[in-house]
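*Asks:* Sequence first, then the predicted structure, then my questions.
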Amino acid sequence: GQQVMQIPQYQHVQEGEDFTTYCNSSTTLSNIQWYKQRPGGHPVFLIQLVKSGEVKKQKRLTFQFGEAKKNSSLHITATQTTDVGTYFCAGPSSGDKLTFGTGTRLAVRP
Amino acid sequence: EAGVTQSPTHLIKTRGQQATLRCSPISGHTSVYWYQQALGLGLQFLLWYDEGEERNRGNFPPRFSGRQFPNYSSELNVNALELEDSALYLCASSLVGTGSSYEQYFGPGTRLTVT
C-alpha cells in the first residue's frame, strides 16, 4: 500500500534557527495537506497544496509541492517556541482516504 | 461555531472488555473519520463514515467497528480489548464526502487505556 514517510523524525533547534521537514510518498498524489499537532493536542490543518511545483507561504512557514507530486516540504524561518509540535503531511490513498505521514517532531530551545 | 467534540476524554478498561467512543462533528459536516494514535506515533486511519454509511476502513481487525447516526454523530466500538489498543482515538470531520480532498477538523480525542 501507499507509504508516506517524513524526515527527520525529530529535530531540536535553537530559537531563531530555520527548520525543514520533508515528506515523501511512494505514489503520485493529487494533493497534499499539512497538519500541526501541539504536545498534548490534536492535529490542526495548516494548508493544502494541489498543483505541481506549488509554493505557498503563511508568515514564516513555506510549503512546497514537488514537480512530480510525490514529495513536499515545510520550511519554518526563524523558529519560535510557539512552533513546537509535530508536523504531519497527509495525502490521498486508495478508497479516497487520507494517509498521514510519520511526522516530524520539532523542539525549540529558547 | 463549535468544533468537533468527543466523549469521554479518558476511558480506562480491562482486557477483554468493550469500549464505546463518541464523536459529534462540526455542524454541517457529513463525513466523520476515526484515527488511532499510539503514544508518540503517527495517525493510523481506522474508519470513514459519510451520510450514515461506511466509506472506507483501515487495516484493523473487525473488532473495531462503528456507525454514524442520522444527525452525523458517530460511535466507535472496540470489542475484546487488548493491551495494544491503548491509544489516543481521534475523530475528525469534513465538509463533504470526498475523504482526501478537503481539510479535516479534529476533535480533542479520547485517551483509551487498557489494563
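*Replies:* Sure thing, it's come through.
*Asks:* Compute the distance between the most centrally placed residue in chain B and chain A, please.
*Replies:* Averaging the C-alpha coordinates of chain B gives a centre point, and the residue nearest to it by C-alpha atoms, centre = their mean is B:Trp34 (3.0 Å). B:Trp34 sits 11 Å away from chain A, going by C-beta to the nearest C-beta, to the nearest Å. Quick note: C-beta positions are derived from backbone N, CA and C, even for glycine.
*Asks:* bridging residues for that residue?
*Replies:* When assigned by DSSP bridges, B:Trp34 has beta-bridge partners B:Leu47, B:Cys91.
*Asks:* which is the next helix or strand following the lowest-mean-pLDDT helix or strand in chain A?
*Replies:* Within chain A, judged by mean pLDDT, DSSP states H and E, the helix or strand with the poorest mean is strand A:97-100; its value is a mean of 87. For strand A:97-100, the succeeding helix or strand toward the C-terminus, using DSSP states H and E, is strand A:104-109.
*Asks:* average pLDDT across that following strand?
*Replies:* Mean pLDDT, taken over the full extent of strand A:104-109, equals 97.
*Asks:* ok, back up a step: list the helices and strands the least confident helix or strand of chain A packs on?
*Replies:* Using 3 or more C-beta pairs under 8 Å, 6 or more residues apart in numbering or on different chains; DSSP states H and E as the contact definition, the elements that strand A:97-100 packs against are strand A:85-93, strand B:31-37, strand B:44-50.
*Asks:* could you check the angle strand B:44-50 makes with the second one?
*Replies:* Right, the one you point to is strand B:31-37. Calculated by axes from the mean of the first three to the mean of the last three C-alpha atoms, to 10 degrees, strand B:31-37 forms an angle of 170 degrees with strand B:44-50.
*Asks:* how about strand B:31-37 as CSV, C-alpha atoms only?
*Replies:* As requested, C-alpha coordinates have been extracted for strand B:31-37 and formatted as CSV (Å, rounded to 0.1, in the frame of the first residue of the first chain):
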residue,chain,number,x,y,z
SER,B,31,-18.1,13.0,7.0
VAL,B,32,-16.6,11.6,10.1
TYR,B,33,-13.2,9.9,10.3
TRP,B,34,-11.6,7.9,13.1
TYR,B,35,-7.9,7.6,13.7
GLN,B,36,-5.8,5.7,16.2
GLN,B,37,-2.6,7.4,17.6
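*Asks:* Now render the helices and strands packed on strand A:97-100 as TSV, adding mean pLDDT and distance to A:Glu17.
*Replies:* Output for these, formatted as TSV (pLDDT from 0 to 100; distance: least, C-beta to C-beta, whole Å):
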stretch	mean pLDDT	distance to A:Glu17
strand A:85-93	93	16
strand B:31-37	95	28
strand B:44-50	93	32
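*Asks:* which one of the ones you listed lies closest to B:Ala92?
*Replies:* The closest approach between B:Ala92 and any of the helices and strands packed on strand A:97-100, judged by C-beta to C-beta, belongs to strand B:31-37 at 4.5 Å.
*Asks:* unless I'm mixing things up, the residue nearest to the centre of chain B is touching B:Ser93, no?
*Replies:* No. Here B:Trp34 lies out of contact with B:Ser93, judged by C-beta atoms under 8 Å, at a distance of 10.7 Å.
*Asks:* any common contacting residues for the two?
*Replies:* By the contact definition C-beta atoms under 8 Å, 6 or more residues apart in numbering or on different chains, B:Trp34 and B:Ser93 are jointly contacted by B:Cys23.
*Asks:* For chain B, which segments count as strands?
*Replies:* For chain B, strands defined by DSSP state E occupy the ranges B:5-7, B:10-13, B:19-24, B:31-37, B:44-50, B:53-57, B:64-68, B:74-78, B:87-94, B:105-106, B:110-114.
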